[in-house]
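**Student:** quick one, what's the 3D model for this:
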Amino acid sequence: MSAGQGFVNVLDDQIVMLIGVPIGVLKDVDENNDGFLQPEEIKKHQQRIMAQLGEGFHLELGGVTGEVIHQELMVSVHVDDNKSTNQVEWGRRLSFPGAGKSKAPIRISMSWYDPSKDAKAQQAYAIQVKRSEEVESALLTASQPEHVFLANPATSPR
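**Tutor:** Residues are numbered from 1 along each chain as shown. From the prediction side, this is the model:
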């Protein structure tokens, strides 16, 4: 998965998501400031990384925030040394009883952006949300960090 891609799947009683995140959005984890994370940096700062990702990503179904069931970091994209990486894949499962039957809109917002940097130079995130046969994609950016998905199921693109 490339940095800046994200998938959100609404199941019966939970929402599952996977997002490719460049390490540049993370603070105080790249100890040697080389722009990559080494396995030992990921292991040492895993809780900090998870906290930062969770604090900067918000998902609501009909105005309700689900409870985190499970989350994990995956590393599959490596640079030439086959050890360091310039991104992580963040997977998270949230409990939402009745989510699969709900027709409520899904609001996603990100605050991983740095207000001191040019908005156009920051990572955009192409997010796709799927609920049953409904599918909608949107681009979240520093200037538009929020989108309401599946707000009108009758007209959602498939």
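
**Student:** quick check: phi and psi on residue 97?
**Tutor:** phi -50, psi 130 (degrees, to the nearest 10).

**Student:** tell me which residues of stretch 33-43 are tucked away?
**Tutor:** Under the neighbour-count criterion of 16 or more other CB atoms under 10 Å, stretch 33-43 has 36-38, 41-42 buried. Glycine gets a C-beta too; all of them are placed from N, C-alpha and C.

**Student:** so can I have TSV of the residues you listed showing distance to residue 27, secondary structure and pLDDT?
**Tutor:** Putting the buried residues of stretch 33-43 into TSV (distance: CB to CB, whole Å; DSSP: H, G, I helix; E, B strand; the rest coil; pLDDT from 0 to 100) gives the following:
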residue	distance to residue 27	secondary structure	pLDDT
36	15	coil	87
37	13	strand	90
38	17	coil	87
41	13	helix	92
42	15	helix	91
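
**Student:** now, among those, which is nearest to residue 121?
**Tutor:** Distance to residue 121, by CB to CB, is smallest for residue 36 among the buried residues of stretch 33-43, at 19.1 Å.
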